[in-house]
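Have a look at this prediction, sequence included:
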Amino acid sequence: MWRVSDGSLLRTLEGHIDNVNSVAFSSDGQLLASGSGDNTIRIWQVSDGTLINIITTTFSVQSVAISRVEPILVSGGGDGTTLWNLNDGTKIKTLDTGYSLSVAFSPDGQKLASGTIDNKVLVWQISDSTLLNTLEGHTNTVYSVTFSPDGTLLASGSNDGTIRLWNVVSSIPTSSPIPTITAIPTVLTSQPFNVFQIVRYSQQDPQWKNIQYGSGPNTIGNIGSPLTSLAMYVSGWGFTETPETLNTKLTDVGVDGFIDSSIVWSAITKIYPNIVSTGITVSTDSDAPLGEIDASISAGQPVLVEVDSSPDAGLQAHWVVLYAKQGSDYLILDPWPYPPDTQDVTLMSRYSQGNPIQRAIKAVAWFQYFQP
């Protein structure tokens, strides 16, 4: 926390074990809520930094906001949009918003806006959970929403490079942005956004297969599928990284990059601030979140998934990149073959192991690339 008047650091609040994606003050300035990729919301006492409560969620928390009127907290993430009692952390209700990346209360506390991974802005009546409006027009994920002080306008910021302003007064149509958006395009439009490009690497490449993987006893060729998949993901956004160079950079980060032979996904942000790890979902004993995977890929954000590389008993962990949907299956970037694949390969053709697709995926590592 910082003092605005002179920029001095007041205190550092520690406890989250993954990226802190969002913070919000209560209206009286006494409490601070923080949402993290570690699937928790933490409530802090501002005056002395005391941790008051921890709220546990199922998926990564992408956004938090606190009502100015009532002691209600809202969170957005893979769980959808959820309202919580700020005083005791109990769940009030969850709105069916899909994967929500941004949330905001109206100044009067009666409405709630959420920006979604499928390019929409949803406006809800809190009292009865009525969906008042679905605002469409963005062509990529909506990362930020906020109401004007008088509650008549709503601003939404998207990965499509635009900020859109919407009338949210019930007597004014809300199906399109207000006219002033076209009057100041240089303010509301950023540079064209990047599109993920296909880059293929093999962990078995002789250039790096015998290099030590992280700080453990193994090599990239042996167990380097997470690293090689991450190198393909990073390179797909225009940052040229081979498994060898990325291994070196993550190793240089120290224990925040590798713990023995286990890669720390969130460390990628230390190297590339535009790429953020937003959490991991383990589905070894449950169905994989196919809806969230589909939404992420539809928004142009590939995901890394863990699969079983062998039909033998036990999990033979292997990571691949899902970058596109093909029917009910996914196209993958697979780090195992050498030379790398030159044709499209689907997940189920190679790694189903006799399972349906929702059981073939054992874990999902979520990332978000933000346009510079």
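Perfect, I can see it now.

Listing request: residues of the protein with sub-threshold pLDDT.
The model of the chain has pLDDT under 70 over residues 169-194, 372.

quick one, helices of the stretch 201-350 of the chain?
Per DSSP state H, counting those that start in this stretch, the stretch 201-350 of the chain carries helices over the ranges 220-223, 225-236, 243-253, 268-271, 290-298, 347-351.

between the longest one and helix 243-253, how many degrees?
In this case it means helix 225-236. Following axes from the mean of the first three to the mean of the last three CA atoms, to 10 degrees, one obtains 100 degrees for the angle between helix 225-236 and helix 243-253.

which residues touch helix 225-236?
Outside helix 225-236, the residues that touch it by CB atoms under 8 Å, 6 or more residues apart in numbering are 196-203, 213-214, 220, 241-243, 245-247, 250, 263, 265, 268, 272, 275, 302, 304, 317-321, 323, 333, 335-336, 365, 367. C-beta coordinates here come from the backbone N, C-alpha and C atoms, glycine included.

now do the fourth one
With contacts defined as CB under 8 Å, 6+ apart, helix 268-271 is touched by 19, 230, 234, 246, 249-250, 253, 256-257, 275-277, 367.

now do the third one
Contacts of helix 243-253 with the rest of the structure, by CB under 8 Å, 6+ apart, involve 201, 203, 205, 207-208, 211, 213-215, 220, 224, 227-228, 230-231, 234, 241, 257-258, 263-264, 267-268, 270-271, 335.

Give me the buried subset of the residues you listed.
Using 16 or more other CB atoms under 10 Å as the burial test, the contacts of helix 243-253 include 201, 203, 205, 208, 213-214, 220, 224, 227-228, 230-231, 234, 241, 257-258, 263-264, 267-268, 271, 335 as buried.

Which residues does Thr219 form beta bridges with?
Residues in a beta bridge with Thr219, per DSSP bridges, are Gln212.

ok, it - contacts?
Each residue near Thr219 by CB under 8 Å, 6+ apart is listed here: Lys209, Asn210, Ile211, Gln212, Tyr213.

From Asn133, how far off is it?
Relative to Asn133, Thr219 is positioned 55 Å away (CB to CB, to the nearest Å).

ok now do the residue positioned nearest the centre of the chain, which residues does it touch?
Nearest to the mean C-alpha position of the chain, by CA atoms, centre = their mean, lies Thr278 at 3.8 Å. By CB under 8 Å, 6+ apart, Thr278 lies in contact with Asn19, Asn21, Gly37, Ser60, Gln62, Trp366, Phe367, Gln368.

shouldn't the third one be in contact with Ser60?
Yes. Proximity of Gly37 to Ser60 meets the contact threshold set by CB atoms under 8 Å, at 4.4 Å.
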